[in-house]
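Q: I'd like to go over a predicted model; first the sequence, then the structure.
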Amino acid sequence: MPETTTSMQPDVDLTPRERVDEWAPILREHGWDVQISATMARARLEAFHPSGAVAMVTAGAVGRSRSGKAHLYVLKPPGASPRGWLSVNRAPFGEFARTRTVKSGRWVQSKCGCKKLRHATEARAKDALLDTRIRRAVHHQERRAECRVYRCPHDDRAWHLTSQPARTHA
């Protein structure tokens with residue numbers, strides 16, 4: 001596990017990517033599939049375990065509205081309680097990486113202001129999309145149908161369904 005520092009001050013010399021990268025080795029060591037996306041301003045690590053558990057680390061550039069520290073979130077496997085994202089500290093995150101259980105954490109409210117139903121992961125949103133398509137086919141519903149999933153622009157921890165086709169940029 002990355003070394004826990006006694007200071008709560010973020011390392012302003014680290015980029016957002018470097019702050020999320022530190023968690024990849026321990027997650028991979030314990031069988032997680034790790035995906036990282038980053039820009040100069042933000043970085044996100046998403047890790048998926050075969051059990052269905054999900055871990056996420058987000059970091060933004062140090063600035064007026066960003067603290068510079070990494071934010072650690074865990075999502076227990078489907079069916080486990082509680083059902084939403086938990087915000088955790090470094091030690092519980094490391095324990096979750098190893099055991100997929102967490103003893104402490106704070107359930108986080110979504111920053112999503114959309115009126116749409118939220119799904120915690122892309123995979124769960126795709127499952128909901130498939131369920132919707134099957135229900136519509138069985139019941140012969142003709143109204144506009146959802147055709148894809150997308151990440152909420154306001155909250156990295158939320159996914160939505162939409163009936164709008166994907167936009168292409170020429």
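A: Thanks, I have it. Numbering: from 1, shown residues only.
Q: The nearest residue to V108 once chain neighbours are set aside bridge partners, please.
A: Once flanking residues are discounted, V108 sits nearest to S87: 4.7 Å by C-beta to C-beta, 6 or more residues apart in numbering. The C-beta positions use only the backbone N, C-alpha and C, and glycine is treated the same way. Under DSSP bridges, the beta-bridge partners of S87 are Y73, R106.
Q: Could you name the helices and strands sitting against the host helix or strand of E46?
A: Following DSSP states H and E, one finds E46 within strand 42-48. The contact analysis (3 or more C-beta pairs under 8 Å, 6 or more residues apart in numbering; DSSP states H and E) places strand 42-48 against helix 16-21, helix 24-29, strand 33-38, strand 54-60.
Q: Would you check that the residue nearest to V108 makes contact with L72?
A: Yes: here S87 reaches L72: they are 7.0 Å apart, a contact under C-beta atoms under 8 Å.
Q: least trustworthy helix or strand in the chain by mean pLDDT?
A: Using mean pLDDT, DSSP states H and E, strand 106-107 stands out as the lowest-scoring helix or strand of the chain, at a mean of 78.
Q: how far out from the middle of the chain is the next helix or strand after it?
A: Using DSSP H and E, the helix or strand that follows strand 106-107 in sequence is helix 122-138. Here the centre of helix 122-138 is set off from its chain's centre by 20 Å, with C-alpha atoms, centre = their mean, to the nearest Å.
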